[in-house]
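S.K.: Sequence first, then the predicted structure, then my questions.
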Amino acid sequence: MFNKIIILGPQGSGKGTQAEFLAAKLNLPNISTGSIFRSEVDAKTPLGLAIAERMKNGILVDDEVINKLMAERLARPDCAHGFVLDGYPRTLLQAEFLETVAAPDCVLEINISDETAKKRLGGRLTCPQCGKIYHPEYKPARVAGQCDVCAVALITRADDEPEAIQRRLKRYHEEVAALLKYYEAKGILIKIDGTPAIPVVKEEIFNKLGL
Ligand code: AMP
């Protein structure tokens, strides 16, 4: 059974949602670096203040900073039996560092075309409080425009605006190429088609992982 799982995929591939499903099924913590960083920024912690500008511009936080943060996070007791990682590693240096902390045993790459990504991301809504993501068509909130958990009004994140989406997709492809090669060579890369509806993708993942 896999228990140290990495999820890769472009924005709009549904990787956050699938990470949640997997973590719940395997009873493992779902660790999203984007969410961790966003709460640091919102809480104006020293780390948050230091990285706010980079995050706003979609520039990666320094490898040393994220590696240290992840080493601490993965050493917590809730990771004793494994984890689902969303957003880490993002660079080869991070991947190599992770091997020394807790080597992953499964890397899922959820693939969608850029066209599909653009269609899905346009219209994406985020809860400003908990970071949960919705889409009126693909993942509607129970009450339109309102977070199911926090009941606050949903917003469009600055990086979900059209120009930002194009930039992020380009950056994603540049970033992920080296990681895919790295994990493919290790023989632990599993490719998933992220085009179908969320429950179908979930089933494909569970099947391929023998769950
Ligand atoms: P995300 O929501 O995963 O797109 O992450 C939002 C932002 O957080 C990124 O644009 C980076 O600034 C930062 N970030 C998240 N994960 C990492 C990582 N593994 N390495 C460096 N920066 C990261």
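M.R.: Now that the structure is in, tell me what you want to look at.
S.K.: Going by C-alpha atoms from here, please, whenever you check contacts or count neighbours.
M.R.: Will do.
S.K.: do the longest helix seen in the chain and the ligand meet at all?
M.R.: Secondary structure of the chain per DSSP state H: the longest helix is helix 162-186. No: for helix 162-186, no contact with the ligand is found by CA under 6 Å from any ligand atom; the gap never falls below 8.1 Å.
S.K.: Tell me how far that helix lies from the chain's centre.
M.R.: Put simply, helix 162-186 sits 13 Å off its chain's centre (CA atoms, centre = their mean, to the nearest Å).
S.K.: And for stretch 147-167?
M.R.: Remark: stretch 147-167 is offset 15 Å from the chain centroid, using CA atoms, centre = their mean.
S.K.: From start to finish, how long is that stretch in a straight line?
M.R.: With CA to CA, to the nearest Å as the measure, stretch 147-167 spans 27 Å from end to end.
S.K.: all strands in the chain, in order from the N-terminus.
M.R.: Shown for the chain, the strands assigned by DSSP state E span residues 4-8, 30-32, 83-86, 106-111, 125-126, 133-134, 189-193.
S.K.: Just put those in a markdown table and tack on mean neighbour count, mean pLDDT and distance to the ligand.
M.R.: Below are the strands of the chain laid out as a markdown table (neighbours: other CA atoms under 10 Å; pLDDT from 0 to 100; distance: least, CA to the nearest ligand atom, whole Å):
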| stretch | mean neighbour count | mean pLDDT | distance to the ligand |
| --- | --- | --- | --- |
| strand 4-8 | 22 | 98 | 10 |
| strand 30-32 | 20 | 96 | 7 |
| strand 83-86 | 24 | 98 | 7 |
| strand 106-111 | 21 | 97 | 14 |
| strand 125-126 | 23 | 93 | 11 |
| strand 133-134 | 24 | 92 | 11 |
| strand 189-193 | 17 | 98 | 18 |
